[in-house]
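Chemist: Curious how this folds, go ahead:
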Amino acid sequence: MKKFIVAAIVIILFLVLFLIFFFKSDATDPYKQTTWGKFSGSCNTEEAPSENYGNKFIGCDYSIPDQDIPKFTSLNFPFTNKFDNSKSLPLMASALIDIDNDGIDEVFIAGGITQNDGLFKFDNNSFIEITDIVNLPSKEPNTTNYGAISVDLDNNGFVDLIVCGDDGVKWYKNNGNNFSATKLQIEFNEKSVPISVTAGDINKDGHLDLFVSAYIKLSKMEGQTIFKDMSYGATSLLLLNNGDQSFKNVTSEWGINYIHNTFMAVMVDIDKDGWIDLVVAHDTGEVKTYRNNNGESYDMISNPLTGKYAYPMGIAVGDYNNDSHIDFFFSNTGSSVPEFMARGDLAEEDVFIRKWILFKNTGDFNFINTAENAKISDLEFSWGAIFEDFNLDGKQDLVVAENYVDFPPHKIFKLPCRFLIQRENHTFAAVEDQAGVVNREYAITPLSSDFNNDGYKDFLYINLNGTSAAFINKGGEVNYISVRFKETADNIGSYVTINKIDGTKLTDVYVIGEGLVSDQSNTVTFGIGSDESIISLVIKKLSGEEIVIDNPELNKTYQI
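Modeler: Numbers count the residues shown, from 1 in each chain. A predicted model of the protein is given here:
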């Protein structure tokens, strides 16, 4: 008996030490690890290591030169969310919105179930609350708002908020100096709660249509690793604008009816045919990519996750490799959750992907998952993500929110949130320490905007169970061009292209809902680096209208 007890204690201690080692090491960057032995090319398929001395100690250099790393100043943000996991899903709405058309974004953040939502303004190098000043509508008691976007829904020249939560989908109409609330008449089934929304004009009738992602209600949740029960989960809705800010449910009519928990979606013209397509991230499932069939229906097109299983949550949108095609990053559970735990009800033969996912768009709805080549696949549990060029070198960087409030190891071994600068060969390097933007709270998404109007993008982490974090870019001396869009049906989905003197192009798209249950700025910014001029700036709308500005002025924001 004594030997049995000793053996049991040893086994328990071994398991505890293993778990401590596993979750503590999970927060380290696997692409900065060194190896012992002869280099075989396994550290990086793109390039050789920094040192190669045969059988001596070698290191793989994934660093970024210090001068290429943007540096940030941390500012206090006057909002601390109080999360109650017994009453709310682990999400919170946030959006950037320019409420007064002054060119500087305000910040909308949803509170916990016992808190009011808030609106914040950047003024005199600090954020101040203006919730009461603008009469931001109060939510229904004992409800949580999970997702939000900013659009000018009624085309009156002022940007509105559309907010999703426990009490449905609400339109916070911006009247110019205050807001008024209207609950949109959108019916969900008894299992589904709307958690995020994206917008675009899917039939090109001049009115904004919506796709509302839904998740199963907390009271009906049976688990977080249910992949294959096709009757379990929520039903998201595609909603066609009737022309008067009322909506018709066309989910079945357009061929996309599907029962599955869904975190978010984005509307983007993937194949550049002038019709806005749809990308949907289904939790415990796959990413679905839909081609718009001339404003009449959606056709599902196969992609690298079709027929496979993962936990796609946040979506970042941008042309990360400057080939004029829009690419997509999807967050995932990553290395934080052991595969035997994450597979849930999957069979042995089912293909499960837990690593980060990067869809490289090669044109005409063809994608390749290039996360491994980009050196981001082996990182940790992640939520919302954005592409943005923070050092204005002409390459989009990647910022990813991390830490899950309901995952016990993340109460002790918290992840840093990843700030990944892109290198010349389209690989990424994590530099959150050097940049001064480590955030170990429970971030749902980053939000990025140029708050101090210096051309360099700043950003926030919207933290679910703690104080949100603000980081102001210290800037530099390189050049940029920005395009700021009115948030209307005719602008959303527009492609923006910079034609450079050396023949290369920079491309981005104005999209609604990037990140996770959030919405980014309506300003698209391109870093020009040390170039002193460019050939042209081209904006192409879904309507086919093309705006060409030859020899545009640098370090300027163009209004569209």
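Chemist: Secondary structure element holding I128?
Modeler: Taking DSSP states H and E as the definition, one finds I128 inside strand 126-129.
Chemist: per-residue confidence averaged over that strand?
Modeler: For strand 126-129, mean pLDDT is 98.
Chemist: Any buried residues in that strand, and which?
Modeler: F127 (16 or more other Cβ atoms under 10 Å). (Glycine included, C-beta is placed from N, CA and C.)
Chemist: Repeat that for stretch 428-435.
Modeler: Judged by neighbour count using 16+ other Cβ under 10 Å, the buried positions of stretch 428-435 are F428, A429, A430, V431, E432, Q434, A435.
Chemist: Show the end-to-end separation of it, please.
Modeler: With Cα to Cα, to the nearest Å as the measure, stretch 428-435 spans 14 Å from end to end.
Chemist: what does stretch 516-523 give?
Modeler: 18 Å.
Chemist: ditto for stretch 451-464
Modeler: Stretch 451-464: ends 22 Å apart by Cα to Cα.
Chemist: distance between it and the chain's centre?
Modeler: The chain centroid and the centroid of stretch 451-464 are separated by 14 Å under Cα atoms, centre = their mean, to the nearest Å.
Chemist: How about that stretch, which residues are buried there?
Modeler: Neighbour-count burial for stretch 451-464 flags F451, G455, Y456, K457, D458, F459, L460, Y461, I462, N463, L464 (criterion: 16+ other Cβ under 10 Å).
Chemist: Find the residue ranges of the stretch 51-200 of the chain scoring beneath the pLDDT cut-off.
Modeler: Counting by pLDDT under 70, the stretch 51-200 of the chain has low-confidence residues at 51-62.
Chemist: Now, the buried residues of stretch 451-464 that are in strands?
Modeler: Members of the buried residues of stretch 451-464 lying in strands (criterion: DSSP state E): D458, F459, L460, Y461, I462, N463.
Chemist: Grab the nearest non-local neighbour of the second one.
Modeler: Among residues not flanking F459 along the chain, S448 sits closest, at 4.3 Å (Cβ to Cβ, 6 or more residues apart in numbering).
Chemist: check contacts around that neighbour.
Modeler: Under the criterion of Cβ atoms under 8 Å, 6 or more residues apart in numbering, the contact list for S448 reads L96, I386, E388, V399, K457, D458, F459, L460, Q520, S521.
Chemist: again, but for A489
Modeler: Residues near A489 by Cβ under 8 Å, 6+ apart: N155, G200, D201, G206, H207, L208.
Chemist: Using the three-state scheme, assign it.
Modeler: coil (DSSP: H, G, I helix; E, B strand; the rest coil).
Chemist: Not counting residues beside it along the chain, what's closest to it?
Modeler: Leaving out its chain neighbours, the residue that sits closest to A489 by Cβ to Cβ, 6+ apart is D201, at 4.2 Å.
Chemist: so how far is D269 from that neighbour?
Modeler: Look at D201 and D269: by Cβ to Cβ, to the nearest Å, they are 11 Å apart.
Chemist: so what sits against both of these two?
Modeler: I276, G493, L542.
Chemist: And those, which is closest to D229?
Modeler: Within the shared contacts of D201 and D269, the smallest distance to D229 is 31.8 Å, found for I276 (Cβ to Cβ).
Chemist: neighbours of the closest one, just the number please.
Modeler: 24 (other Cβ atoms under 10 Å).
Chemist: I'd like to check which residues are in contact with the closest residue to it other than its chain neighbours.
Modeler: Excluding the flanking residues, the one nearest I276 by Cβ to Cβ, 6+ apart is G200, at 4.3 Å. Applying Cβ under 8 Å, 6+ apart to G200 gives the contacts L208, D209, M267, I276, A489, I492, G493, I512.
Chemist: Run me through the strand neighbours of the host helix or strand of the third one, direction for each.
Modeler: Spelled out, it's M267. Following DSSP H and E, the helix or strand that holds M267 is strand 262-268. Strand 262-268 has the following sheet partners, assigned by DSSP bridges: strand 277-282 (antiparallel).
Chemist: Other residues contacting the strand it pairs with?
Modeler: 202, 211, 213, 236, 238, 256, 258, 260-271, 287-292, 298, 312-315, 328, 330.
Chemist: so of these, which ones are in strands?
Modeler: Among those, the members falling in strands (DSSP E) are 211, 213, 238, 262-268, 287-292, 298, 315, 328, 330.
Chemist: Among the buried residues of stretch 428-435, which pair sits farthest apart?
Modeler: Farthest-apart pair in those is F428 and Q434; separation 13.9 Å (Cβ to Cβ).
Chemist: how much space between V212 and W383?
Modeler: From V212 to W383 the distance is 19 Å (Cβ to Cβ).
Chemist: hmm, I was thinking of K87
Modeler: 20 Å.
Chemist: Of those two, which one has the most company?
Modeler: Shown here are K87 and W383; by other Cβ under 10 Å, W383 has more neighbours (27 against 15).
Chemist: The more buried one is in contact with E402, isn't it?
Modeler: Yes - counting by Cβ atoms under 8 Å, W383 touches E402, with 6.7 Å between them.
Chemist: what touches both of these two?
Modeler: In contact with both W383 and E402: A443, using Cβ under 8 Å, 6+ apart.
Chemist: P409 - that's part of a helix, no?
Modeler: Yes - P409 sits within a helix when classified using three-state DSSP.
Chemist: From Q434, how far off is it?
Modeler: Computed as Cβ to Cβ, the P409 to Q434 distance reads 26 Å.
Chemist: Ok, F330 next?
Modeler: For F330, the distance to Q434 - Cβ to Cβ - is 26 Å.
Chemist: Quick one: the helices in the stretch 1-150 of the chain, in order.
Modeler: Secondary structure of the stretch 1-150 of the chain (DSSP state H, counting those that start in this stretch): helices located at 2-26.
Chemist: which two of the buried residues of stretch 451-464 lie the greatest distance from each other?
Modeler: G455 and L464 (30.8 Å).
Chemist: For the buried residues of stretch 451-464, give me a markdown table that also has distance to P30 and pLDDT.
Modeler: Shown next, in a markdown table, are the buried residues of stretch 451-464 (distance: Cβ to Cβ, whole Å; pLDDT from 0 to 100):
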| residue | distance to P30 | pLDDT |
| --- | --- | --- |
| F451 | 33 | 98 |
| G455 | 34 | 97 |
| Y456 | 29 | 98 |
| K457 | 27 | 98 |
| D458 | 29 | 98 |
| F459 | 24 | 98 |
| L460 | 27 | 98 |
| Y461 | 22 | 98 |
| I462 | 26 | 98 |
| N463 | 25 | 98 |
| L464 | 26 | 97 |
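Chemist: Now that we have those, can you turn them into CSV and tack on distance to N116?
Modeler: Formatted as CSV, those follow (distance: Cβ to Cβ, whole Å):
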residue, distance to N116
F451, 23
G455, 34
Y456, 32
K457, 28
D458, 25
F459, 24
L460, 19
Y461, 21
I462, 16
N463, 17
L464, 16
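Chemist: Give me the local confidence score for A27.
Modeler: At A27, pLDDT is 70.
Chemist: how near is it to E380?
Modeler: With Cβ to Cβ as the criterion, A27 and E380 are 7 Å apart.
Chemist: Residues in contact with both of the two, list them for me.
Modeler: Counting by Cβ under 8 Å, 6+ apart, the common neighbours of A27 and E380 are L415.
Chemist: Let me see the contact set for the nearest residue to D550 once chain neighbours are set aside.
Modeler: With sequence-adjacent residues excluded and distances taken as Cβ to Cβ, 6+ apart, D550 is closest to S536, at 5.1 Å. Neighbouring residues of S536 by Cβ under 8 Å, 6+ apart: I498, N499, V548, I549, D550, N551, P552.
Chemist: What strand or helix carries the last one?
Modeler: Counting by DSSP H and E, no helix or strand carries P552.
Chemist: Give me the neighbour count for it.
Modeler: Counted with other Cβ under 10 Å, P552 comes out at 18.
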